[in-house]
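Asker: This is a predicted model, with the sequence first.
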Amino acid sequence: MLKVDNLTVFFENAIAINDLSLSINEGEIVGVFGSNSAGKTTLMNTIAGLTLHLKRREQRKGGTRITITGAVNFLGEEMNNTKPSYRVKKGIVLCRERHPVLKDCTVAENLRLGGYLRRDNITDTINFVYELFPNLKRLSGKKAGMLSGGEQEMLIIGMALVARPKLILMDEPLLGLSPLMQDEVVRAVKEIRKTGVTILLTEQYARPIMPIIDRGYIIENGTQIVSGTAEELINNPEVKSAYFGI
Amino acid sequence: MTKTGYRKERIDRGIKVRTDDIFAIGSFKEISYVAMPRFLVILLLIIFPLLSSVTGIYWQNVMLITCTIALLAISWDMLASVGLLSLGQAMFFGAGAYVTGYLNHNLGLSPLLSIPLATVLGALLCTLLLFPIMRLRGIYFGLITFAIPLLMTRIIEATKILGGTEGLSGLTPLPGLTLELYIIIAVTLICVFGFRRMFDTDYGLVLKAIRNNDRAVIAGGIDIQWYKTQAVFVAALPATFAGAFLTHHYQIVGMPAFALEYSILPLTAVIIGGARSFSGAMLGAFILVPISELLRAFSTLRIVVYCLVLLVFAIGLPEGIFNFVQRKYHQIERLVPMGEVKK
């Protein structure tokens, strides 16, 4: 479904992603694990087109020079030079890290914005989100900025769902959440997968989401060092100590 | 896009050891690399007033106005550096102009006293006036600064204080154009280099931090209100000086001291030259004012040209001419193959 080939991203002279290739099949949950500055967020932003957007903006300002090479292929279509909005239309939706919701809008308004590009009725999908996260229904009239971190994360995932994606990119969905809240998000990810959506997620600490992923990649300094099924990763001794804390 | 391509790499040009404000200089080449751009500007500005026989009195006067607008632009840049967006530089200009007018006209002080006094008193006055709104940010602060000069002209018109619509005339003239030029050029250079220096110190760091994230600065235990007040006072100084100085040059002060022109021209100059470097503000004024003088023959068409220039720079070169040139001066670019940094 998604194929990333030899992706390389430079921020000025610093390399963020170094010759990274990965592929995701339809219906899978794939995890990308790595420590800080491994290139997880850059990878997600590049797939979603935000890095390209940033590159063009910086170019106009004469700011940081960003170089992107390699290919991002989604459902057989080259996505290298397409706008983020086009990629969303095609079905790639990103949940950015640290849940950047629209703080002054209500929860319901946030969800509506998530489905802005859709021409059909979005009520069903919004109801599905409310089923998935009953808390959001209760809070639907509240301003999103007033929600707790966990609730905002749910809202961000909900917003992505309303866009009815084929592929959801979740950038560190468990960041800063309590174990209880983490379970809630993990449960939701499982539910989302049942609806046929493919999921690519990144995380620093792999343990909570290990049970639900099909395959995983471990990246360091922008390069993939290990990849394999969930089982293979768990049994790899090096990976075990570094990313699972076992 | 293939792996075999090339990318552009930027490398800092220059000398062996360099931090933001310390240079370890070894050779004449390195000295000239650092000092030449500054030296050239100073040299040109020193020579210009001596060339009055070549340039004619008219362009000497244009130079005076240019420096005035440059001072206002530097003042705008200083305010912007603390995150305060001013749309009313005319307020500072008018304050300086009217204070010196009053001191000279009513109290009979000589320009030698009235200009420095007006600079400080005018800045104090503006700081007091802006004090209640200093906690506002962004456009709210801008709108109020925009309104104050308009308000001032109406107050002066209605109450007929400070000469009313006729203004205060017959002020003491300054000794001569060449000396005037040297004074204002010196002040402009002192402001540019002084402010640049200030922003390299810890004090400037606090001001920059307030612009970046004022809450983080509050969390660092710094009273940002007090620092903003200081910044407004310091920023007002060049502008009030410009007002006071030009008043004595014209020997009259009136309501045009609060004219919209003194608010818009500095802002445009900063957009052209580039913000946050002070030199950019100065360069912008030195480009904009002579151009607008050249366009004087086209009367109202000038505004169209202003707008076009503003549009072209805001879209095409948002960093401003100065920042662009500075970047090109300090960096070399070369093509490197993509594979050069492999694992």
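Answerer: It's in.
Asker: Residue A:79 against residue A:70, yeah?
Answerer: No - with contact taken as CB atoms under 8 Å, residue A:79 and residue A:70 are classed as non-touching, separated by 11.2 Å. Just so you know, the C-beta spots here come from the backbone N, C-alpha and C atoms, and that holds for glycine as well.
Asker: how much space between the most far-flung residue of chain A relative to its centre and chain B?
Answerer: The outermost residue of chain A relative to its centre, with distances by CA atoms, centre = their mean, is residue A:62 at 29.0 Å. As judged by CB to the nearest CB, to the nearest Å, residue A:62 and chain B stand 4 Å apart.
Asker: How about the contacts made by the residue lying closest to that residue once chain neighbours are set aside?
Answerer: Of all residues not flanking residue A:62 in the chain, residue B:319 sits nearest, at 4.5 Å (CB to CB, 6 or more residues apart in numbering or on different chains). Residues near residue B:319 by CB atoms under 8 Å, 6 or more residues apart in numbering or on different chains: A:61-63, B:274, B:327.
Asker: Give me the packing partners of the lengthiest helix in chain A, helices and strands only.
Answerer: Secondary structure of chain A per DSSP state H: the longest helix is helix A:179-194. Judged by 3 or more CB pairs under 8 Å, 6 or more residues apart in numbering or on different chains; DSSP states H and E, the packing partners of helix A:179-194 are helix A:123-132, helix A:149-162, strand A:198-203.
Asker: closest one to residue B:169 among these?
Answerer: Taking CB to CB, helix A:149-162 is the member of these nearest to residue B:169, at 64.4 Å.
Asker: Just give the number of residues close to the residue of the stretch 151-300 of chain B found nearest chain A.
Answerer: Nearest residue of the stretch 151-300 of chain B to chain A (CB to the nearest CB) works out as residue B:274 at 9.7 Å. Counted by other CB atoms under 10 Å in any protein chain shown, the residues lying close to residue B:274 total 27.
Asker: For chain A, what lies in contact range of chain B?
Answerer: A:6, A:8, A:10, A:12-13, A:15, A:18-19, A:60-63, A:65, A:67-71, A:80, A:223 (CB under 8 Å from any CB of the partner chain).
Asker: is it true that the residue farthest from the centre of chain A touches residue B:325?
Answerer: No - if you go by CB under 8 Å, residue A:62 and residue B:325 don't touch, sitting 10.6 Å apart.
Asker: residues contacting the nearest residue to residue A:175 once chain neighbours are set aside?
Answerer: In space, and not counting its chain neighbours, residue A:175 is closest to residue A:97: 5.9 Å by CB to CB, 6+ apart. Counting by CB under 8 Å, 6+ apart, residue A:97 touches A:41, A:171-172, A:175.
Asker: of those, closest to residue A:50?
Answerer: Within the contacts of residue A:97, the smallest distance to residue A:50 is 9.5 Å, found for residue A:41 (CB to CB).
Asker: any idea how far residue A:125 is from that closest one?
Answerer: Using CB to CB, to the nearest Å, we find residue A:41 at a distance of 27 Å from residue A:125.
Asker: What of residue A:181?
Answerer: Separation of residue A:181 from residue A:125 (CB to CB) stands at 23 Å.
Asker: Kindly report the same for residue B:334.
Answerer: 51 Å.
Asker: the more surrounded of these two?
Answerer: Legend: neighbour count by other CB under 10 Å for residue B:334 and residue A:125, higher for residue A:125 (20 against 9).
Asker: who's in contact with the closest residue in space to the more buried one that isn't next to it in sequence?
Answerer: Spatial nearest neighbour of residue A:125, chain neighbours left out: residue A:162 (5.0 Å); criterion: CB to CB, 6+ apart. By CB under 8 Å, 6+ apart, the residues touching residue A:162 are A:111-112, A:114-115, A:118, A:122, A:125-126, A:129.
Asker: just to revisit the earlier point, thinking in terms of the whole chain, how far from its middle is the longest helix of chain A?
Answerer: Chain-centre distance of helix A:179-194: 14 Å, with CA atoms, centre = their mean, to the nearest Å.
Asker: Would you mark the buried spots in that helix?
Answerer: By 16 or more other CB atoms under 10 Å in any protein chain shown, the buried positions in helix A:179-194 come out as A:181-182, A:184-186, A:188-189, A:192-193.
Asker: circling back to that earlier point, closest to residue B:134 out of the contacts of residue B:319?
Answerer: Proximity of the contacts of residue B:319 to residue B:134 was ranked by CB to CB; the top entry is residue B:274 with 25.8 Å.
Asker: before we move on, back to that, mind putting the helices and strands packed on helix A:179-194 into a markdown table with mean pLDDT and distance to residue B:82?
Answerer: Output for those, formatted as a markdown table (pLDDT from 0 to 100; distance: least, CB to CB, whole Å):
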| stretch | mean pLDDT | distance to residue B:82 |
| --- | --- | --- |
| helix A:123-132 | 94 | 43 |
| helix A:149-162 | 93 | 31 |
| strand A:198-203 | 95 | 38 |
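Asker: Among those, which comes closest to residue B:311?
Answerer: Shortest distance between residue B:311 and those, using CB to CB, is found for helix A:149-162: 35.5 Å.
Asker: So whatever helix or strand residue B:328 lives in, near chain A or not?
Answerer: Per DSSP states H and E: residue B:328 is located in helix B:320-330. Yes - using CB under 8 Å from any CB, helix B:320-330 reaches chain A at B:323-324, B:327.
Asker: Perfect, that will be all.
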